[in-house]
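Participant: After the sequence you'll find the predicted model.
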Amino acid sequence: MYAVAEVVDESCVAHKGCRLCIMYCPEADTIRFDKEKKVAFVVEQRCKGCELCVVVCNAAKHNAIELVHR
Amino acid sequence: MGKEKIKINDEFYDIMPPEYQELVEEATYGKESRGWKDVGEAKELIEEHSLCAGCPESIAFRYVLACLPKPEDTVMVGSTGCTSLVFPHVAVHNIHSLFGNQNAIASGLKRTLALRFPEKVKDVVVLAGDGATVDIGLDMTLQSWFRQEKFTTICFDNELYANTGGQESGLMQKGFVGKMAPAGKKFDKVPLPEIARNSGCHYVAVMTVSKPNRVEKAIRNAILVAREIGPTYIQLYTPCILEIGKQMMEGLQEMRDSEGPGKRFEFKEYVSDEAKVFLDEMDAERKRKKKALRAARAK
Ligand SMILES: Cc1ncc(C[n+]2csc(CCOP(=O)(O)OP(=O)(O)O)c2C)c(N)n1
Ligand code: SF4
Ligand code: SF4
Ligand code: SF4
Ligand SMILES: [Mg+2]
């Protein structure tokens, strides 16, 4: 079983300019900005489940990322 | 130049790996204003790699690659260590040097490129760990600075030999007990930034990678000054979370805890008089361009 990050679209405030998770995820091209939906999304195959995105998103009180098991 | 060199022949397009197609479609080669803000929207110049989950070296690598002023005309020189696990997945020309030899290789490379392509700008950027830069390669590091070789040296300082399990490095802090350095470090962290300044570097900066804006500015300054004037040095704190006993998600906090006033990685910058004149001119030029652009738009 692997843990990977998942963005909850309704809570994500990327449309207001937030890019915290995209900025601090250690992996390249892993959290990206969906230009149509204006939310961040995780490219699951690239995610190593480190949880750093959850930490930065929660610290900004957006609570928009969860770790899910696959 | 830009993307000309990597364009795919139409006949072969569909059989190329999707990652390569993405590079051709969306990577920021040839974009003058490239910087960390492209991440998340443009294809990055780094693929999947085998660094530990949450490793700050990995965050630093993303910023450095996003900020190179001219990746298509850059050759990076790496050395043995955790960073060398990333280079095979990087879409910028790079050379792997024998552990410690990176600044010697870069010296020869930079001179050869200048002879081979006299009409072009070719940047050479060394990126290596603290063990490679400060211990085993110190001779080569210093000699290249004394000789005023025109390239940038970036040290990913995680204060130990991470790739071989946590031995002591010259940049380890005094008193630190590593997994493979049980007696504890007996002497002070080598003051390499100060040594760099006294050895002829024209731009020196020390920082963690908690602030991408700051990293971007330093990388650009260092590379442009190296192009025009002489050697430059950047030391980035990229803690090895594995060896200092942190959890995967704690790397950012560790960096923030180490950069406050008086801490080991408080932001420091040194610019020689010559480099200062050059950077000020560049700044003024950028402002002029911006103003002209705004005026043109207003018309
Ligand atoms: C000539 C040579 N000596 C020793 C080694 C073994 N070795 C491999 S990685 C490494 C330490 C690397 O430390 P550092 O440069 O700080 O990079 P890090 O792994 O910490 O990022 C050593 C000693 C080697 N590969 N080649
Ligand atoms: S940090 Fe949270 S709110 Fe901000 S872009 Fe990422 S998921 Fe959205
Ligand atoms: S868990 Fe780690 S690797 Fe996965 S998206 Fe979040 S920050 Fe990136
Ligand atoms: S051993 Fe340390 S420096 Fe190397 S990849 Fe793992 S966390 Fe990063
Ligand atoms: Mg090291």
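Facilitator: It's in. Ligands and ions are numbered 1, 2, ... in the order given.

Participant: Tell me how many other residues crowd B:Val277.
Facilitator: Per other C-beta atoms under 10 Å in any protein chain shown, the neighbour tally for B:Val277 reads 12. Where you see a C-beta, it was placed from the backbone N, CA and C, and this is true even at glycine.

Participant: Show the contacting residues for it.
Facilitator: Contacts of B:Val277 were listed using C-beta atoms under 8 Å, 6 or more residues apart in numbering or on different chains, and none were found.

Participant: and it, what element?
Facilitator: Taking DSSP states H and E as the criterion, B:Val277 maps to helix B:273-298.

Participant: Give me the buried positions along that helix.
Facilitator: Of the residues in helix B:273-298, those buried under the neighbour-count criterion (16 or more other C-beta atoms under 10 Å in any protein chain shown) are B:Ala275, B:Phe278, B:Leu279.

Participant: show me the contacts for B:His96.
Facilitator: For B:His96, the residues meeting the contact criterion (C-beta under 8 Å, 6+ apart) are B:Gly78, B:Ser79, B:Thr80, B:Ser84, B:Phe87.

Participant: Residue numbers of chain B in contact with ligand 1?
Facilitator: Residues of chain B that fall close to ligand 1, judged by C-beta under 6 Å from any ligand atom: B:80-83, B:98-99, B:129-132, B:156, B:158, B:161-164, B:169.

Participant: Could you identify the buried members of the residues you listed?
Facilitator: When those are checked against 16+ other C-beta under 10 Å, the ones flagged as buried are B:80-83, B:99, B:129-132, B:156, B:158, B:161-163, B:169.

Participant: all strands for chain A, in order.
Facilitator: With DSSP state E applied, chain A shows strands at A:3-7, A:31-34, A:39-42, A:65-69, listed in chain order.

Participant: Please identify which of these is closest to ligand 3.
Facilitator: strand A:3-7 (3.8 Å; C-beta to the nearest ligand atom).

Participant: Taking chain A, what residue is nearest to ligand 1?
Facilitator: Proximity of chain A to ligand 1 (C-beta to the nearest ligand atom) peaks at A:Pro26, 14.1 Å away.

Participant: what's the neighbour count on that residue?
Facilitator: Other residues lying near A:Pro26 total 25 when counted by other C-beta under 10 Å.

Participant: What separation do you get for the spatially closest residue to B:Ala275 that is not a sequence neighbour and B:Phe151?
Facilitator: With sequence-adjacent residues excluded and distances taken as C-beta to C-beta, 6 or more residues apart in numbering or on different chains, B:Ala275 is closest to B:His202, at 4.2 Å. The span separating B:His202 from B:Phe151 equals 12 Å under the rule C-beta to C-beta, to the nearest Å.

Participant: Good, wrapping up.
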